[in-house]
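>>> Kindly generate the corresponding structure for this input.
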Amino acid sequence: MQRASVQLNTIVPQRTDRALLVGQTGCGKTTLARYLLNYRRYKVVIDYKGRIDWPEYHLCTSLSQLFRSKGDALLYRPSYAESMDEGARNVLWEWIYRRGNTTAYADELTAFTKGDDYPFHFGACLVRGRELGVEVWSATQRPTRIPMVVISESEHNYVFKLRLPQDRERTEALSGVSRDVIAGLQKRQFYYSRQDGEPIGPIRLQL
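Model (predicted):
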């Protein structure tokens, strides 16, 4: 693994690339995602847990409101009932797929996926969205519980500290960052790895 001083702007995904951020609560995933999203114009942040408060984004609390919005930076924070509606989840990703030219950031994958059970159009955005200018960036605290397609399709991995051994083991397999290194990361430290490169880090998040 490379130990180097890294400028954050050098680890921004290329246009239409997919990305995965993993790490326990409070480690810095959401802060890093917000920074990376600054490099995109058209973006939709999906906040099923209702924890994101970014004033530069237009807040939408229902699908109907989201679909009517003309803003470039949108934050979708649905009601509990809508967030639990499987049909509504698929409609959301179908809209993103058909909209095109959009970066979709899902703040917690396990809020709408369960293992390899996920909305059909979420998979379509991951696998076929590139040709439409759609890119999916995902974050999770529990990499053992997310769809394998997310792991296989993500060209960029950002690895923060993980608490559970099984999550560290799976993250080692997908990123090349050893489980012992992952366990020893401090708050706001992470490793960056590409599918085709050696992990770089630890990188200190100073934003």
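>>> alpha carbons only for contacts and neighbour counts from here, please
Noted.
>>> I figured Asn101 hits Glu131, correct?
No: counting by CA atoms under 8 Å, Asn101 does not reach Glu131; the two are 9.3 Å apart.
>>> Between these two, which is the more surrounded one?
Asn101 (21 against 12; other CA atoms under 10 Å).
>>> And the residue nearest to Leu205 when sequence neighbours are not counted, what's its pLDDT?
Of all residues not flanking Leu205 in the chain, Arg188 sits nearest, at 5.2 Å (CA to CA, 6 or more residues apart in numbering). Predicted confidence (pLDDT) for Arg188: 94.
>>> Neighbours of Arg188, how many?
Arg188 has 20 nearby residues by other CA under 10 Å.
>>> need the contact list for it.
27-28, 160, 204-206 (CA atoms under 8 Å, 6 or more residues apart in numbering).
>>> quick check, nearest of those residues to Thr171?
Nearest to Thr171 out of the contacts of Arg188 is Phe160 (CA to CA; 9.9 Å).
>>> Now, the contacts of Arg188 that are in strands?
Arg204 (DSSP state E).
>>> Spell out which two among the contacts of Arg188 are the most distant pair, please.
Largest pairwise distance in the contacts of Arg188, by CA to CA, is 14.0 Å, between Phe160 and Gln206.
>>> more crowded one of the two?
Phe160 (32 against 10).
>>> Tell me the secondary structure at the residue nearest in space to the middle of the chain.
Nearest to the mean C-alpha position of the chain, by CA atoms, centre = their mean, lies Ser138 at 1.8 Å. Using DSSP: H, G, I helix; E, B strand; the rest coil, the structure places Ser138 in strand.
>>> Tell me who's in contact with it.
Ser138 neighbours (CA under 8 Å, 6+ apart): 19-21, 105-109.
>>> how about CSV for those residues, with neighbour count, secondary structure and pLDDT added?
Listed next are the contacts of Ser138 as CSV, based on neighbours: other CA atoms under 10 Å; DSSP: H, G, I helix; E, B strand; the rest coil; pLDDT from 0 to 100:
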residue, neighbour count, secondary structure, pLDDT
Ala19, 24, strand, 98
Leu20, 24, strand, 98
Leu21, 25, strand, 98
Tyr105, 25, strand, 98
Ala106, 22, strand, 97
Asp107, 24, coil, 94
Glu108, 21, coil, 95
Leu109, 26, helix, 96
